[in-house]
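*Asks:* prediction below, plus the sequence it came from.
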Amino acid sequence: MALQSLDIQRRSATTTPPPGVRQTPKVAKLIDISKCIGCKACQAACMEWNDLRDDVGTTAGVYDNPRDLNENTWTLMRYAEVEPEKGTLEWLIRKDGCMHCADPGCLKACPAPGAVIQYSNGIVDFHEENCIGCGYCVTGCPFNIPRLSPKDSKVYKCTLCSDRVMAGLEPACVKTCPTGAILFGTKADMLHHAAGRVLDLKSRGFARAGIYDPPGVGGTHVMYVLQHADRPELYCGLPAEPSISPMVSLWKGAAKPLASLAFGMVAAGAFFHYVTKGPNEVSEETGKEGKK
Amino acid sequence: MASLATTFGRGAMTNHWVDIKNADIVVVMGGNAAEAHPCGFKWVTEAKAHNNAKLIVIDPRFTRSAAVADYYAPLRSGSDIAFLGGLINYLLTHDKIQHEYVKKFTDATFLVSDGYRFENGLFSGYDKDKRSYDKTSWGYQKGGDGFVLTDDTLQNPRCVFNLLKQHYARYTVDMVVRVTGTPKEQFLKVCEMIASTSAPDKTATFLYALGWTQHSTGTQMIRTTAMVQLLLGNIGMAGGGINALRGHSNIQGLTDLGLLSNLLPGYLTLAGDKEQDFKAFLDKRASKPLRPGQMSYWQNYPAFHVSLMKSWYGDAATLDNNWCYEWLPKLDKVYDVLQVFEMMHQGKLNGYFAQGFNPLASFPDKAKIGAALAKLKYLVVIDPLATETSEFWKNFGEFNDVDPSVVQTEVFRLPSGCFAEEDGSLVSSSRVLQWHYKGADAPAEARGDAEIIAGLFIKLREMYRKEGGAFPDPILNLSWPYMIPASPSPDELAREYNGKALADVTDPKDPAKVLAKAGEQLAGFAQLRNDGSTACGCWIFSGAWTQAGNMMARRDNSDPSGLGNTPNWAFAWPANRRIIYNRASCDPAGKPWDPKRTVISWDSKSQKWQGMDVPDMRPDAAPEQNVGPFIMNPEGVARLFGVDKLAEGPFPEHYEPFETPLDTNPLHPGVVSNPAARVFKGDLAALGTSKDFPYIGTTYRLTEHFHFWTKHAKINAILQPEQFVEIDEELAGKKGIKSGDKVKVSSKRGHIKAVAVVTKRLKALDVDGRRVHTVGIPIHWGFKGVAKNGYIANTLTPFVGDANTQTPEFKSFLVTIEKV
Amino acid sequence: MKKDPEKLSRFTAAERANHWLSALTFILLALSGLAFFHPAFYPLNQLFGGGVWTRILHPFIGLMMAISFCVMFFRFRKLNTITQTDREWLGHVREMVDGDDRNMPEAGKFNGGQKVLFWLLVACMALLLLSGIVVWRAYFSFMFPVSVIRLASVVHAAGAAGMILLIIGHIYMAIWTRESMGAMLYGQVRRVWARQHHPAWFRQMTGGDK
């Protein structure tokens, strides 16, 4: 979702500072799973605001529909029937979608300048007109979020409604959530609110309730309140300690300058070898011998 | 609605949506508020977040509501009265009732006729052949003054309180567990939590919906809860009440406006065949107080009825012709939808109008409905969508396997607009009439419903005028004062139901004082008169469009009390009261039971009831006058003993669903199912037994869809595309079914095929020594729309209904299941 | 082309065509691949019609190179068997770099350095092909778990960097060693050139002529 902006904090495949003169506070979306009833209104709102329509699919014996995130489905309710302790059933329903990492793996992996943007408010946005369809961001994401469209070979994901947020509105899913399970505001406010929710949950017997704001990716601008913060994997495999894969860090970190340097060094070395040692010509001796 | 009217006097949600946030305990039972009312459910989350409320969910399934509950307890579908009766027994035996409330605000002290008995599952007066009761013994003992005898000491064995105790003493914990399948400790935990609100400063609210109404004992299930709430002193209180969550937008408006075959607008009733005398008709309804000093507000019935007749027939309605009483139809029996389709099935109906109604999908035993429609000469479908009903004659393969060549019914489809394509008001569950404005024009040839009906009416009137007919008067004389007769506007209709003065209306205490001049809109139903000087289309809506304008369009959401009352937001009937029976929020002396949630209180200085809400009480009725808070009841108090109001008895009793997995009733094996429920001849043969159909089938809704409408909408179809049924893991294992498999679910009446969802959210229950499984059957699919085509779930359901409302028993029947 | 009696035939026309096809595809791959590797090289995508076309073309060119390289591998693999002499040659490589070839053991058609280069290139090519398939989003990536794709991405980048470095070296050697280029362009070398740089091969070709 591209819009002219002056509040860009980071831009993919760009080594010089992006236009970032405009300062905005860090924002965050807080998803309180303990309040979520899994009604999918957020999914509907996402489809409506962004004008996305997936195909009508099939039922696979679960409530999750569509079956997975895709280019038309930027947010998806995932339903887990779990028994954290013997005999206690909980239906944990998690709204899946982009976590808007402070240290985004997609942006790090992206080779196309300006295809992934991080605004100073923390939103990580894809500018699809710059996207070349390589899928590196898919490789870079620790949460398995971006989806490459088979139709246009562009990747798509939740924009945190950057277009709405820029105009001072909350994201569409937040606007529609009937139970107030999805909130939006400054990250500081959201953390403060979440802390209150955690206290409430603890008073209701969830001793391990907590906030999901994983430090491995620098914190996220989409956070969860979890009843079982010690076991995020209960929530349809939410990663316990997500971070950008060391492979990706190596590939898009150290390798880039080191290899580039090596190319230069070798080329320069060759050149100076030539000018210092001269060419390896057929020696006159051999030439004479040859003439004999 | 019948149950609440029987108990409290009015058939409506006692409190309102926002008020749920004031509760200490929220009980969701007989409904799945999170699933079916996700927007209203926000007030439950508010109660939890800001009032430290606890949410209890009691349901056969671990629902979306249960997903956010503090406590969940399972029970077998159809066993709710056993559960709630056990709760009443718990409250009485553990002395967890609000004594003063029960004594002063209910009929606990009233003495019951000596003839009243309950033995072996039957109340006194049962006629086995007629399947109905002679209710004469279900009354009170009366004194010479005509008033009911009472015993304030509660010692008399015939007082309601002792009869109540006696009746529910049979509902022991063991019996409850045996009938419901709820594990003992879970039942006791729920009792304990709910009982905590017997303290005057604690309230519980009950939220229910079709999970109670759609049983053959549905009305009595709701009544049992109403009784629980009375014992706890939770009626009239902010954060209390028993709250019927209505399924359709404006379905509350439907009953309010009397769109049921035995009603007139505003819960006025049609006369029966025997009621040929107008005065006797009015006298029966204008009930006199049964205790001294009570308001018995229905005494004003003549004013409401005459004003309605003036609204309908204008100058043609006069004192001399009994305000056109002869023109009103007199009922020989109730023509509810089951009755109508039974008659249609017998070939006794020529034509049928289905306006905003899809009976082929919505009514039980689809095969019977389809066969009935095929016997019509013509069918008119008025709907924004191409419904299954409108194409009942067409072959849709396995989903609707009919032979069109043998169906002779002529079908007319009149495309109508939907609610967003016209101005108008919607009545929410909270009894709030809220005005809305047209968002877009209806597409293509579609017209508003009022325009369609007006067009038909004008044509019919013309034919009657030209050709005459058997009984033209009610048609030819119908008042039709609209500016464009072919298209009455919503504003005109709204002003009509509010009512206006036809002559100057004066203050009865001071005839010189004119309250409303002739031609002016009335300020409320207190201004209605029985002398023909006022006209009002629906008395309870009076006050919605006054001389000051459209009260329903008000949008002031200020909430001075902080209790979410917003008196200037839209308009609530009656008289803009938000919490009805709110006099009961104060003790007999007029002081609030809980000062933190003061709704109203007696102000001794001004000698008036005052507060954040419109008092549900004569404003100057001082507490010493002992005017009871349930002003619609001639008793002045709420009824624990339902007298003769309901078909199957004054106290709710547990009867098994008509298709029961137990083959018996553990409470009284001789009387298994509702003895007073109407069962048509052919339908008895279509009932299955647990031998062939061992599992409970229960139908329900999913939050992704709205009935059979949203399968026409792409987004909803994407979110829940294909028909499925839910079964527990144990049953799945036994039948070799895995999630995602295609299964066939059959009842005695037919079968459906769907995808299996094997889930932990359903669990087998141990009931009366048997292992009982439930098959969950969401209803939303059919053979029209953009979702994947599917079977009509009501292919499976039985054609029996509640004994009072005839609401079909969709929630509990017998099925079997196999892998396809 | 007329045969010059003064010259020795070093590469056949087929060998030369095979080499240059590999070379050309390699250059295209290096340029397009670098465009994705570091922002500094991103403008190179303009040579291919922009970023998207570069992304589309790169793997297909890669396939071409892999095939061409494979043929070349079978053509030259025997000639590149490393012998004792080659090991000795490699032991003296520092002198060679200094431009002093007097003490170099006699090289055959390919000297030790060329053989090592050959095998390193083969290794890089194999890694690039395998990892390239894994990261080819359009057709293959969906078959692999993300962890394998991540590993393949690193392997592909490393293999490419290695190959580029090797080829820079290869090209420089061709420039540095005068007249080498002619061998691959025209197929022939002067006898004296052969005698100086590949004495063993020279003897083999001339039947021991000094």
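*Replies:* All right, it came through fine.
*Asks:* residue 256 - nearest residue in space that isn't next to it in sequence?
*Replies:* Because you didn't say which chain, this covers chain A. C:His38 (4.8 Å; Cβ to Cβ, 6 or more residues apart in numbering or on different chains). The way it works is simple: take the backbone N, C-alpha and C, and place the C-beta from them, glycine included.
*Asks:* wait, chain B
*Replies:* Nearest non-adjacent residue to B:Asp256 (Cβ to Cβ, 6+ apart): B:Val427, at 5.7 Å.
*Asks:* thinking again about what came up before, tally of neighbours for the residue nearest to A:Lys256?
*Replies:* Other residues lying near C:His38 total 19 when counted by other Cβ atoms under 10 Å in any protein chain shown.
*Asks:* heading C-terminal from whatever helix or strand C:Ala17 lives in, find the next helix or strand.
*Replies:* If you go by DSSP states H and E, C:Ala17 is part of helix C:13-37. Sequence-wise, the next helix or strand downstream of helix C:13-37 (DSSP H and E) is helix C:51-76.
*Asks:* please report how far whichever residue of chain A sits closest to chain B lies from chain C.
*Replies:* Nearest residue of chain A to chain B, counting by Cβ to the nearest Cβ: A:Gly61, 3.0 Å away. Separation of A:Gly61 from chain C (Cβ to the nearest Cβ, to the nearest Å) stands at 23 Å.
*Asks:* what's the distance between C:Leu57 and B:Ile369?
*Replies:* C:Leu57 sits 63 Å away from B:Ile369, taking Cβ to Cβ, to the nearest Å as the criterion.
*Asks:* neighbour-wise, which of these two wins?
*Replies:* Remark: of C:Leu57 and B:Ile369, B:Ile369 carries more neighbours, 26 against 16, as counted by other Cβ under 10 Å.
*Asks:* tell me who's in contact with the more buried one.
*Replies:* B:341, B:359-360, B:363, B:392, B:794 (Cβ atoms under 8 Å, 6 or more residues apart in numbering or on different chains).
*Asks:* that one: which element?
*Replies:* Here B:Ile369 is assigned to helix B:366-373, by DSSP H and E.
*Asks:* buried sites along that helix?
*Replies:* B:366, B:368-373 (16 or more other Cβ atoms under 10 Å in any protein chain shown).
*Asks:* stretch B:248-259 too?
*Replies:* So for stretch B:248-259, counting by 16+ other Cβ under 10 Å, buried means B:250-253, B:255-258.
*Asks:* quick one: which of those is nearest to B:Ser113?
*Replies:* Of all those, B:Thr255 has the smallest distance to B:Ser113: 31.4 Å, by Cβ to Cβ.
*Asks:* on the three-state scheme, the closest one is what?
*Replies:* helix (DSSP: H, G, I helix; E, B strand; the rest coil).
*Asks:* thinking again about what came up before, from the contacts of B:Ile369, which is closest to chain C?
*Replies:* B:Asn794 (42.3 Å).
*Asks:* so who does the residue lying closest to that closest one once chain neighbours are set aside touch?
*Replies:* The shortest distance from B:Asn794 to any residue other than its chain neighbours is 5.0 Å, reached at B:Lys366 (Cβ to Cβ, 6+ apart). Neighbour list for B:Lys366: B:360, B:750, B:792, B:794-795 [criterion: Cβ under 8 Å, 6+ apart].
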